[in-house]
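Asker: After the sequence you'll find the predicted model.
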Amino acid sequence: MARGGWWAVWAVVVVLSLLLASPVLADDDEDEIPMNFARVRVTATMACSLYATSEECYECVPQLLAQFSPAANASEVWLQLDSEYPIHFKANDGNQTHMFFSHHFGEQGTYALNISTAENGQWTYALDRLEKPYPSWAPVVVMLAIITALFALYGAWKAFWYFHRRNYTRLEDREETEGKPRKNRIISIDAFRGLSLTVMLFVNYGGGDYFYFAHAVWNGLTVADLVFPWFIFLMGTSLPISLKSRASMSKLSLFLKTLQRSVELFVIGLFLNNGYDVAHWRIPGVLQRFGVTFFVVAMIVIYVPKLRFTQIPTDSFERSWSQELVCDILPYMLEYIIVLLITTVFLVVTFALDVPHCGRGYLGPGGIGNNGEYADCTGGAAGYLDKLLLTENHIYQWPTCRDMYQTGAYDPEGILGTLTSIVLCYLGVQCGRVIVHYRRDFARMLRWLVWGLALGVLGTTLCFGSKNSGPIPVNKNLWSLSFILVMGGSANVVLLACYFLIDVLKVWNGAPFIYMGMNSITMYICSEVFYGYFPLQFQLPAQTHAWSLFSDVLGVSCWITVAFILYLKKIFLAL
């Protein structure tokens, strides 16, 4: 595509996004119901108390919503209730619970709930919709349709340009071009990394204020929970490829280079945290996790000896079928043993450490969860170690579970979870070794498919395929073992898909994600430094999903444009 082509593409995204948001320009009503809430008028004909709990709040203590006393003219109240998840209600008279019922309210809808007694004396309720909910899904559907149409137009333009050049380019020029040596860079890795970063920035900017573009409250997975672990995985994938190109360097040189990069990542991460408030300076963070994880995994790969008695031909065409089956695993068994030991340490600490007032093996969010039995036990051993070693003032103060479970500080990038991030990064190393050891596209894709399915099945087994009922739930806050296995499996499958489309079929060149992927750390740091500045973010004219989605997509588009400019100027910044 011509250099100016992507400018036109992103200009169209902005224009169409503005058109999408324009219907709400005049809807800035002070009395408007907030996003992700519904308004409910509750009336009662008898003295009672109404309690509620969200379905997302697992085994939570029901919270008092309202008390009614018709004798004191207190028989009606207006409530704003969460519309993201179904809500379970119960009503009692102070001595006995008389009624349970549930409902999933529509966003920004208005409802009337009446609690009364029937002729037989039993309590009953009637729920009526007074105003239709807002179709919050509409902006997402329209935006996806716009982006799909843009990609389709780009594909059609690329096909036209290809056939145009094929028909009018001289044969000798094509032969000269085809005779040039081709670079062996795996473009799909950059595209996958860029895709992860693009989604990460979209989520960081707000994700259109949709709950399914936010991190899971505690257990479970959302789109937002995928991208950081994928980054960790891809960092490991690039490691054996990078070390192969540096085979002539001494181990001391590799150590010093690795140490320098890790320290730089950690220090920059500290800088991006709230260092202006030294008394509450958060120590863990995303780049800190990158730095520590990269250093440990690189040291394992560089210094752990390979099993020399398993000499296997490097050329895949000279290997027997049995050697082909294990050539990327058997020589590295000592590394696998170390990674298995790290996993064992994580599990032992998680399930065997006797946390004061919390006991052993607690994996919940604390607060009002688990019927309030573990109020100060958020994260179990993981939260305890962070507070013990880093103190509560130096960890993350606003975890995803804080509002719903009414908890305190907890850091999802804490100390204990670093162990499983090391395991996930090493699973990425295994993925990269498939590229190093196998030359055939089919062999590579088959290995990734097998690894992806195996890890996914194992992770699903550990959580029993359930959100809350398994022994090890999928949980990003804890970086639980089931979580990193599912993430490793999904990363293998996504990389397989990207590799097939980009490097094998060549029907996609990875744009626009490849531009972000080739300057990923730079783009992430810049997005954090300039967070809150126009046009990356601005005060919304109206609090609607359409405007919020427009703002967040605009912010991400700006960074893709910056990455594209750097790509055109061949500027690639890395630590």
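Answerer: Yep, it's here.
Asker: so where's the stretch 151-300 of the chain shaky on pLDDT?
Answerer: The stretch 151-300 of the chain contains residues with pLDDT under 70 at 162, 164-184, 275.
Asker: Return the set of residues that bridge with Arg129.
Answerer: Beta bridges link Arg129 to Tyr111, judged by DSSP bridges.
Asker: Count the neighbours of it for me.
Answerer: Arg129: 13 surrounding residues under other CB atoms under 10 Å. The C-beta positions use only the backbone N, C-alpha and C, and glycine is treated the same way.
Asker: Going forward, the N-terminal residue is numbered 406.
Answerer: All set: I'll call the first residue 406, so the last point we hit is now Arg534.
Asker: so it sits right up against Gly514, yeah?
Answerer: Yes: between Arg534 and Gly514 there is a contact at 6.2 Å, judged by CB atoms under 8 Å.
Asker: Relative to the whole chain's centre, how far out is stretch 973-980?
Answerer: With CA atoms, centre = their mean, to the nearest Å as the basis, stretch 973-980 stands 26 Å off its chain's centre.
Asker: What of stretch 664-672?
Answerer: Taking mean C-alpha positions (CA atoms, centre = their mean), stretch 664-672 and its chain are 23 Å apart.
Asker: So which bits of that stretch are buried?
Answerer: Buried residues in stretch 664-672, counted by 16 or more other CB atoms under 10 Å: 666-667, 670-671.
Asker: Same question for stretch 844-857.
Answerer: Buried residues in stretch 844-857 (16+ other CB under 10 Å): 849-850, 852-853, 856-857.
Asker: From the rest of the structure, what touches it?
Answerer: 721-722, 729, 733, 832, 835-836, 839-840, 843, 893-898, 900-901, 904-905, 908-909 (CB atoms under 8 Å, 6 or more residues apart in numbering).
Asker: Ala496 looks like it's in a strand, true?
Answerer: Yes: Ala496 sits within a strand when classified using DSSP: H, G, I helix; E, B strand; the rest coil.
Asker: and the residue nearest to it when sequence neighbours are not counted, what is it in contact with?
Answerer: Distance criterion CB to CB, 6 or more residues apart in numbering; nearest residue to Ala496, sequence neighbours excluded, is Met504 at 4.7 Å. Each residue near Met504 by CB under 8 Å, 6+ apart is listed here: 494-496, 520, 528-530.
Asker: quick check, nearest of these to Ile926?
Answerer: Proximity of the contacts of Met504 to Ile926 (CB to CB) peaks at Phe494, which lies at 48.1 Å.
Asker: beta partners of that closest one?
Answerer: Ala457, Phe506.
Asker: residue boundaries of the strands in the stretch 806-955 of the chain?
Answerer: For the stretch 806-955 of the chain, no strands are identified by DSSP state E, counting those that start in this stretch.
Asker: mind listing the helices for it?
Answerer: 807-810, 820-842, 846-867, 886-904, 918-922, 925-934, 950-973 (DSSP state H, counting those that start in this stretch).
Asker: So what's the gap between the shortest one and the chain middle?
Answerer: On the basis of CA atoms, centre = their mean, helix 807-810 sits 19 Å off its chain's mean C-alpha point.
Asker: Kindly report the same for the third one.
Answerer: The chain centroid and the centroid of helix 846-867 are separated by 20 Å under CA atoms, centre = their mean.
Asker: Report the inter-axis angle for that helix versus helix 886-904.
Answerer: 160 degrees (axes from the mean of the first three to the mean of the last three CA atoms, to 10 degrees).
Asker: How many residues are close by Gly915?
Answerer: 23.
Asker: Quick check: the gap between Leu900 and Cys465.
Answerer: According to CB to CB, to the nearest Å, Leu900 stands 38 Å off from Cys465.
Asker: Repeat that for Thr450.
Answerer: Relative to Cys465, and taking CB to CB, Thr450 is found at 28 Å.
Asker: Please apply the same query to Glu818.
Answerer: 25 Å.
Asker: same check, this time on Gly875
Answerer: Distance from Gly875 to Cys465, by CB to CB: 19 Å.
Asker: who's more crowded, those two?
Answerer: Neighbour count, other CB under 10 Å: between Gly875 and Cys465, Cys465 has more, with 22 against 17.
Asker: can you pull the contacts of the more buried one?
Answerer: 458-459, 773-774, 776, 809-810.
Asker: Give me the secondary structure label for it.
Answerer: Strictly by three-state DSSP, Cys465 counts as coil.
Asker: Read off the pLDDT value for it.
Answerer: With respect to pLDDT, Cys465 scores 95.
Asker: Check Val414 too.
Answerer: Reported pLDDT for Val414: 54.
Asker: For this structure, name the helix or strand with the lowest mean pLDDT.
Answerer: helix 576-583 (a mean of 42; mean pLDDT, DSSP states H and E).
Asker: right, and the helix or strand after it?
Answerer: helix 592-610 (DSSP states H and E).
Asker: Tell me how far that following helix lies from the chain's centre.
Answerer: With CA atoms, centre = their mean, you get 10 Å for helix 592-610.
Asker: helices or strands up against it?
Answerer: Applying 3 or more CB pairs under 8 Å, 6 or more residues apart in numbering; DSSP states H and E, one finds that helix 592-610 contacts helix 629-650, helix 886-904, helix 918-922, helix 925-934, helix 950-973.
Asker: Any buried residues in it, and which?
Answerer: So, applying 16+ other CB under 10 Å, buried residues of helix 592-610: 592-610.
Asker: Same check on stretch 794-809?
Answerer: So stretch 794-809, judged by 16+ other CB under 10 Å, has buried residues 795, 799-801, 804-807, 809.
Asker: One more: stretch 821-839?
Answerer: Quick answer for stretch 821-839 (16+ other CB under 10 Å): 821-839.
Asker: picking that back up, redo the buried residues of stretch 794-809 as CSV? Include pLDDT.
Answerer: Putting those into CSV (pLDDT from 0 to 100) gives the following:
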residue, pLDDT
Leu795, 95
His799, 94
Ile800, 95
Tyr801, 95
Pro804, 95
Thr805, 95
Cys806, 95
Arg807, 95
Met809, 94
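Asker: With distance to Asn679 added, can I get the residues you listed in a markdown table?
Answerer: Shown next, in a markdown table, are the buried residues of stretch 794-809 (distance: CB to CB, whole Å):
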| residue | distance to Asn679 |
| --- | --- |
| Leu795 | 14 |
| His799 | 10 |
| Ile800 | 12 |
| Tyr801 | 10 |
| Pro804 | 16 |
| Thr805 | 18 |
| Cys806 | 21 |
| Arg807 | 17 |
| Met809 | 24 |
